[in-house]
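Engineer: A predicted structure for the sequence below; I have some questions about it.
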Amino acid sequence: DVQLQASGGGLVQAGGSLRLSCVASGGTFDDCSIGWFRQAPGKERERVSCISKYDGMIYYTDSVKGRFTISSDNAKNTVYLQMNSLNPEDTAVYFCYAHITGIDYWGKGTLVTVSS
């Protein structure tokens, strides 16, 4: 079974940085989309960033452009989300996500809290 293990969340002050990691296992990840969603309290889950292993296309939601960077280490089946210039609006549970051959997989979330 495909498993996604996310880590790297925590408490940080506004303006600080965190790096999230997602280790994927149990499947073939050469041709998939993988990335991050987040869900803030009282809000719907939103896609933050993802990368297509098939064609290298990268997506960022507008609110994180210029601050977040997604990258992958194919040898380690790991996807990273470097988050800089964090602000309180980035506070949310962040979920690793993979779309593989028409199926969505989700990891358990990691909490990111940004204090003002």
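Structural biologist: On my side now, so go ahead.
Engineer: Report the strands that pair with the lowest-mean-pLDDT helix or strand in the chain, each with its relative direction.
Structural biologist: The weakest-scoring helix or strand in the chain, judged by mean pLDDT, DSSP states H and E, is strand 103-106 (a mean of 92). For strand 103-106, the paired strands and their directions (DSSP bridges) read strand 92-100 (antiparallel).
Engineer: Outside of the partner strand itself, list whatever touches it.
Structural biologist: 2, 4-6, 9, 20, 22, 24, 27-29, 31-41, 43, 45, 47-48, 50, 79, 81, 104-112 (C-beta atoms under 8 Å, 6 or more residues apart in numbering). Glycine gets a C-beta too; all of them are placed from N, C-alpha and C.
Engineer: Give me the subset of those residues lying in helices.
Structural biologist: With helices taken from DSSP state H, there is no overlap with the contacts of strand 92-100.
Engineer: so what's the residue nearest to Thr113 when sequence neighbours are not counted up against?
Structural biologist: Spatial nearest neighbour of Thr113, chain neighbours left out: Leu11 (4.7 Å); criterion: C-beta to C-beta, 6 or more residues apart in numbering. When the contact criterion is C-beta under 8 Å, 6+ apart, the partners of Leu11 are 113-115.
Engineer: Sitting in strands, which of those residues do you find?
Structural biologist: Residues from the contacts of Leu11 lying in strands, with DSSP state E as the criterion: 113-115.
Engineer: And those, which is closest to Tyr60?
Structural biologist: Distance to Tyr60 across the ones in strands among the contacts of Leu11 (C-beta to C-beta) is lowest for Val114, with 17.7 Å.
Engineer: can you count the residues close to the closest one?
Structural biologist: Per other C-beta atoms under 10 Å, the neighbour tally for Val114 reads 20.
Engineer: now the least confident helix or strand of the chain, how far from the chain's geometric center?
Structural biologist: Offset of strand 103-106 from its chain centre (C-alpha atoms, centre = their mean, to the nearest Å): 14 Å.
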